[in-house]
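*Asks:* Sequence and computational prediction follow.
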Amino acid sequence: MARIAVEDFETSMARPEDFDAFWEDVLETVDRIPLNPAVVRSPLRSTPDVDVFDVHFDSIDGVRIAGWYCLPASRAGTLPSILRVPGYIGEPQLPKQEAKGGYAVFSVAPRGKLRSNGQFNPGYPGLLTHNIVDRNTYSYRGFYIDAVRAFDFLAGREEVDSERIGVTGSSQGGGLTFVVAALRDPRAGAAGAPYLCGFMDAIQLTHTYPYQEIRDYLRLYPEREPVVRETLAYFDGIHFGPRISCPMIVNLGLQDNICPPETGYAAFREIASSDKRMYAYDGHAHDAGSVAHGSVIEAFFEKHLKNHA
Amino acid sequence: MSSRCMSTTVRPDDFDAYWNRVVNSLDATPIAPEVELMPIRSTDYSTTYGVRFTSIGPYRLFGYLSIPRGKGPFPTLLYFTRLQSVVEPLPQGDASEKRRRFLVFAMAARGQRNADKPYAASFPGLFVDGIEDHEGYVMRGIVADCCRAVDYVLTRPEADRGRIVGIGQNEMPLFSAALRGGLTHLVASPSFFHRTMDRAAGTESYPLEEINEYLRQYPDRRHAVARTVSYFDPLFFAPRITAPTLLWGSRETLGAVADAMQAAPQVRASEHSRYKDGVYQERWIARHLGLRDVILPAHWR
């Protein structure tokens, strides 16, 4: 594929006409399922400053989902809150630092991650192409909803101000930030190096895992390319953008060899919110300038979650 | 001269005996490889296999083996285990086309996916599993697993014995090179085991935070934990290491380790850019293997 300026890249993925109807239908199903949360304090993981809880809740398809929930040990009233959504190959981190900063923070492990893989475990590699020919059973239908349900968990907590929930993550977490911002209504979202955006463009732009999984699949089953494209159109982060109305910041690395910056720009352009800003870091790859950008996210959430009247 | 970080870690009197027992156990354990073709992970330029093989315990491990099409032997990249559950055929971000040139072996140690039966590691959790007992500490087995991966690579006739690079984002390449011959070059990022107790006391970052959590729960085990991790300080392995090495980290934190190695390593501080660090590493490997060019992902060219 000929290289063009990354910020001008146009995706080849068309938004299905029934995209919104598809997800409204899924949400309608999900909203009928009780969360049944179990919240158990972990003395091992807790510190004098932070209470850590081991959380499980019910998601779609009857899958039980895990997560780490961190609260400042000293707290009063309702708290601003952050949902942390994980990357593709790493396990969810315990967000103690943010809790020390005064937030209620939930770090979710969607299906297939450790602690949420008892009923669903397509493996890595494997998750990205599991049932990729069927949008109604594709792995990311449930995976996305698990992230949405994690938002619901936070919104339902009595110690959380449900009007002041932010969502953030990088790589797959960046893609999930788009999804949660589109399917629920967080106060603000910060997405880094967004994965799951422009799938079919990405497999042309880069030959690295995890997008390589789709290349692997299509090498073996080239005749399935049309139906794969059709399925992925319903899960493309770019297509969630028009549903996003909250303030959003996006950071990416202009030399990102895993999630091509072209697709990050394409996703950013589609965000409907007028309050959005792109931070593009030259000389950076999938780290997306995270060392410098950490303070940007901190200030962004400070503004929208703590100082919001 | 730059200042050095002080260490309270003491070399155990039985350090050599401890690791000799591991090596002897490995020598007494057949590798017993099973190699299965994986068409979906193969490409037009390489063939990928899933490999099962045995480490001490005995424990059955897993690895992805990718062999270039054509006539070998090929320069070889051995990717050691990381502190995470997932192992991919090629590390995330590496250009797939590297498999056109290199034999690649990506191993899963005990507890990681595809090697998680009967032992499924948790993250966090793995780092302190059995840490109160230096004989039972899970990392003792994982170091053995890494050595066993070297053993397996050396069974492959397609591997160029003069060009086998051990790569890891931790100390495993150093441990493996010290305990097992065969690796000709090393790329390592000593992150967890050098001055473990000193560094854990000053951080809340995982996995070292696991030690803090553990000691809050079991304060009476501090001495036992310190004794266990002392067997894993790369400082004590360094005198056995002769291979050319790229050591990621600062001179301040790794100076003692670097100085103790037989061949002075290249010590390189991260620029906190996967692009800049990645290009540097690829060029270092290419230069040391006598390759005329590097195979980089598209966005790094």
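*Replies:* Here it is on my side, so go on.
*Asks:* And the residue nearest the centre of the chain?
*Replies:* Defaulting to chain A. By CA atoms, centre = their mean, chain A has its centre lying nearest to A:L176, at 1.5 Å.
*Asks:* I was thinking of chain B, sorry if that wasn't clear
*Replies:* Nearest to the mean C-alpha position of chain B, by CA atoms, centre = their mean, lies B:M172 at 2.9 Å.
*Asks:* Which parts of the stretch 101-250 of chain B are strands?
*Replies:* Along the stretch 101-250 of chain B, the segments classed as strands by DSSP state E, counting those that start in this stretch run B:103-108, B:159-168, B:185-188, B:245-248.
*Asks:* Neighbours of B:S122, how many?
*Replies:* When neighbours are defined as other CB atoms under 10 Å in any protein chain shown, B:S122 has 13 of them. Yep, even glycine has a C-beta here, placed from its N, CA and C like the rest.
*Asks:* Chain neighbours aside, what residue packs nearest to it?
*Replies:* Leaving aside its chain neighbours, B:S122 sits nearest to A:L114 (6.5 Å; criterion: CB to CB, 6 or more residues apart in numbering or on different chains).
*Asks:* how near is the one you found to A:Y140?
*Replies:* Between A:L114 and A:Y140 the distance is 18 Å, computed by CB to CB, to the nearest Å.
*Asks:* of all the strands of the stretch 101-250 of chain B, which lies closest to chain A?
*Replies:* Among those, strand B:103-108 comes nearest to chain A, with 10.3 Å by CB to the nearest CB.
*Asks:* mind listing what the closest residue to the residue nearest to the centre of chain B other than its chain neighbours touches?
*Replies:* Using CB to CB, 6+ apart and skipping the chain neighbours, the partner closest in space to B:M172 is B:F80 (3.9 Å). By CB atoms under 8 Å, 6 or more residues apart in numbering or on different chains, the residues touching B:F80 are B:M107, B:C146, B:A149, B:G166, B:I167, B:G168, B:N170, B:M172, B:P173, B:S176.
*Asks:* near chain A, which residues of the stretch 101-250 of chain B?
*Replies:* B:113-114, B:120, B:122-124, B:204, B:206, B:209, B:212-214, B:216-217 (CB under 8 Å from any CB of the partner chain).
*Asks:* Pick the one among those residues closest to chain A.
*Replies:* Closest to chain A, out of all of those and judged by CB to the nearest CB, is B:F123, at 4.4 Å.
*Asks:* Quick check, that closest one in contact with B:S85.
*Replies:* Yes: between B:F123 and B:S85 a contact is recorded at 5.9 Å, counting by CB atoms under 8 Å.
*Asks:* what is in contact with the two at once?
*Replies:* Shared contacts of B:F123 and B:S85, counting by CB under 8 Å, 6+ apart, come down to A:E91, A:L114.
*Asks:* all helices of the chain, in order?
*Replies:* Using chain A. A:19-30, A:96-100, A:139-155, A:172-183, A:199-205, A:212-220, A:225-233, A:237-240, A:261-270, A:290-301 (DSSP state H).
*Asks:* my question was about chain B
*Replies:* Counting by DSSP H, the helices of chain B are B:15-27, B:98-101, B:138-155, B:172-179, B:196-200, B:208-217, B:222-230, B:234-237, B:251-260, B:274-289.
*Asks:* closest one to B:H185 among those?
*Replies:* For B:H185, the closest of the helices of chain B is helix B:274-289, at 5.3 Å, according to CB to CB.
*Asks:* Give the rounded mean pLDDT of that closest one.
*Replies:* On average, the pLDDT along helix B:274-289 is 98.
*Asks:* How far does that helix sit from its chain's centre?
*Replies:* Offset of helix B:274-289 from its chain centre (CA atoms, centre = their mean, to the nearest Å): 18 Å.
*Asks:* Tell me which other helices or strands it touches.
*Replies:* If you count contacts as 3 or more CB pairs under 8 Å, 6 or more residues apart in numbering or on different chains; DSSP states H and E, helix B:274-289 packs onto strand B:159-168, strand B:185-188, strand B:245-248, strand B:266-268.
*Asks:* Can I get the ones you listed in TSV including mean pLDDT and mean neighbour count?
*Replies:* Below are the helices and strands packed on helix B:274-289 laid out as TSV (pLDDT from 0 to 100; neighbours: other CB atoms under 10 Å in any protein chain shown):
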stretch	mean pLDDT	mean neighbour count
strand B:159-168	98	21
strand B:185-188	98	26
strand B:245-248	98	22
strand B:266-268	98	17
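*Asks:* want to try TSV for the ones you listed, with distance to B:E282 as columns?
*Replies:* Formatted as TSV, these follow (distance: least, CB to CB, whole Å):
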stretch	distance to B:E282
strand B:159-168	11
strand B:185-188	10
strand B:245-248	11
strand B:266-268	13
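*Asks:* do you know which of those strands lies nearest A:I165?
*Replies:* strand B:245-248 (37.4 Å).
*Asks:* now that closest one, how far from the chain's geometric center?
*Replies:* The chain centroid and the centroid of strand B:245-248 are separated by 12 Å under CA atoms, centre = their mean.
*Asks:* what packs against it?
*Replies:* Against strand B:245-248 (3+ CB pairs under 8 Å, 6+ apart) you get strand B:185-188, helix B:251-260, strand B:266-268, helix B:274-289.
*Asks:* can we see that at 7 Å?
*Replies:* The contact analysis (3 or more CB pairs under 7 Å, 6 or more residues apart in numbering or on different chains; DSSP states H and E) places strand B:245-248 against strand B:185-188, strand B:266-268.
*Asks:* Quickly note the distance from the residue nearest to B:Y64 when sequence neighbours are not counted to B:K276.
*Replies:* Distance criterion CB to CB, 6+ apart; nearest residue to B:Y64, sequence neighbours excluded, is B:P89 at 4.0 Å. If you measure B:P89 against B:K276 using CB to CB, the figure is 25 Å.
*Asks:* Spit out the contact partners of A:L114.
*Replies:* By CB atoms under 7 Å, 6 or more residues apart in numbering or on different chains, the contact list for A:L114 reads A:E91, B:S85, B:S122, B:F123.
*Asks:* Give me the nearest residue to the last one, chain neighbours excluded.
*Replies:* Spatial nearest neighbour of B:F123, excluding adjacent residues (CB to CB, 6+ apart): A:E91 at 4.4 Å.
*Asks:* That neighbour is in contact with B:V86, isn't it?
*Replies:* No: counting by CB atoms under 7 Å, A:E91 stays clear of B:V86, with 8.6 Å between them.
*Asks:* hmm, back to that, could you measure the residue nearest to the centre of chain B against A:A182, distance?
*Replies:* 41 Å.
*Asks:* returning to that earlier point: tell me the buried residues within the contacts of A:L114.
*Replies:* For the contacts of A:L114, a neighbour count by 16 or more other CB atoms under 10 Å in any protein chain shown gives the buried set as A:E91, B:S85, B:F123.
*Asks:* The second one and A:I89 touch, don't they?
*Replies:* Spelled out, it's B:S85. No: counting by CB under 7 Å, B:S85 sits too far from A:I89 to count as a contact (8.1 Å).
*Asks:* residues near the residue nearest to B:Y64, how many?
*Replies:* Here the number of neighbours of B:P89 (other CB under 10 Å) works out to 28.
*Asks:* what's the answer for B:D220, then?
*Replies:* With neighbours defined by other CB under 10 Å, the count for B:D220 comes to 8.
*Asks:* repeat for A:V167
*Replies:* 31.
*Asks:* Now for it: which residues touch it?
*Replies:* The contact partners of A:V167, by CB under 7 Å, 6+ apart, come to A:L83, A:V85, A:F151, A:T177, A:V180, A:A181, A:P186, A:G189.
*Asks:* Neighbour count added to those residues, as a markdown table?
*Replies:* Conversion of those to a markdown table gives the following (neighbours: other CB atoms under 10 Å in any protein chain shown):
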| residue | neighbour count |
| --- | --- |
| A:L83 | 31 |
| A:V85 | 30 |
| A:F151 | 24 |
| A:T177 | 31 |
| A:V180 | 29 |
| A:A181 | 28 |
| A:P186 | 27 |
| A:G189 | 31 |
